[in-house]
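1. Return atomic coordinates for the entry below.
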Amino acid sequence: VEFTGFDLELAAEVAKRLNMELKLQPIAWDAKDGELSSKSIDCIWNGFTINGREDKYTWTEPYLENNQVFVVRSDSDIESLGDLADKAVVVQVDSSAEKALEGEPDLVASFGEYTAAANYNVALMDLEAGAVDAVAMDEVVAIYQNEKRGEIFAILDEVLAPEEYGVGFLLGNEELRDKVQEALEAMAADGTMAKISEKWFDEDITTIGK
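-> Down below sits the predicted model:
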């Protein structure tokens, strides 16, 4: 399997500058803390939301801003959060969107059906197939996925909680964090970070050094 994406390209460039070998390791999301503390991974770097987790990990500065949004089919008549009443909404299990919706009990209560999928791909395939009406997910991922799938979805303008992405390290691992932070700042300064962002999102949406 070839893993690609904005975060991975960013990580590859950081590893190259730090003269480190980048080893990409997919993990079960709910096992991430065990993976970190057993040192089978050194950091979590995949659209990892800082908000609400500030004290659980040692973080870099945020490098992207992100919102939780609702994705619908482009031919859908759903245009606002109010239009989600009685509709089938799916979220990725243990995700930031799920967490954000915990803070919106009235909105969730309005849904006709509310389920959790193992991951975004499953959720978006269900949406494409018409099995669900909307997916709650990260805006950054939604923009990329929609572009990749030929703009078959629409993203509602109303957003849930705004948040920030950072690279998360085991609490106390400041040594590695500082190296990564320094490399990210250098990449922001020399335009590399903007270039990688433009490749994946058609614009520079990064926040370091801004």
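2. Please pull out the lowest mean pLDDT helix or strand from the chain.
-> helix 139-148 (a mean of 88; mean pLDDT, DSSP states H and E).
3. which ones are touching E79?
-> Contact analysis of E79 by Cβ atoms under 8 Å, 6 or more residues apart in numbering lists L156. Backbone N, C-alpha and C define where each C-beta goes, glycine included.
4. How about T4?
-> Counting by Cβ under 8 Å, 6+ apart, T4 makes contact with nothing.
5. Next, find the distance separating it from K199.
-> 11 Å (Cβ to Cβ, to the nearest Å).
6. do Q92 as well
-> 25 Å.
7. Which of these two has more residues huddled nearby?
-> Using other Cβ atoms under 10 Å as the criterion, Q92 and K199 rank with Q92 on top: 22 against 10.
8. I'd say that one and A123 touch.
-> Yes - in this structure, Q92 is within contact of A123 by Cβ atoms under 8 Å, at 6.2 Å.
9. which SS class is the residue nearest the centre of the chain?
-> What sits nearest the mean C-alpha location of the chain, by Cα atoms, centre = their mean, is G47, with 3.5 Å. Judged by DSSP: H, G, I helix; E, B strand; the rest coil, the three-state class of G47 is strand.
10. all helices for this structure, in order.
-> Counting by DSSP state H, the chain has helices at residues 6-17, 32-37, 96-102, 105-110, 120-129, 139-148, 174-189, 192-201.
11. of all the ones you listed, which lies closest to S80?
-> Closest of these to S80 is helix 105-110, at 11.2 Å (criterion: Cβ to Cβ).
12. so where's the protein uncertain?
-> Applying pLDDT under 70 to the chain picks out residues 1-3.
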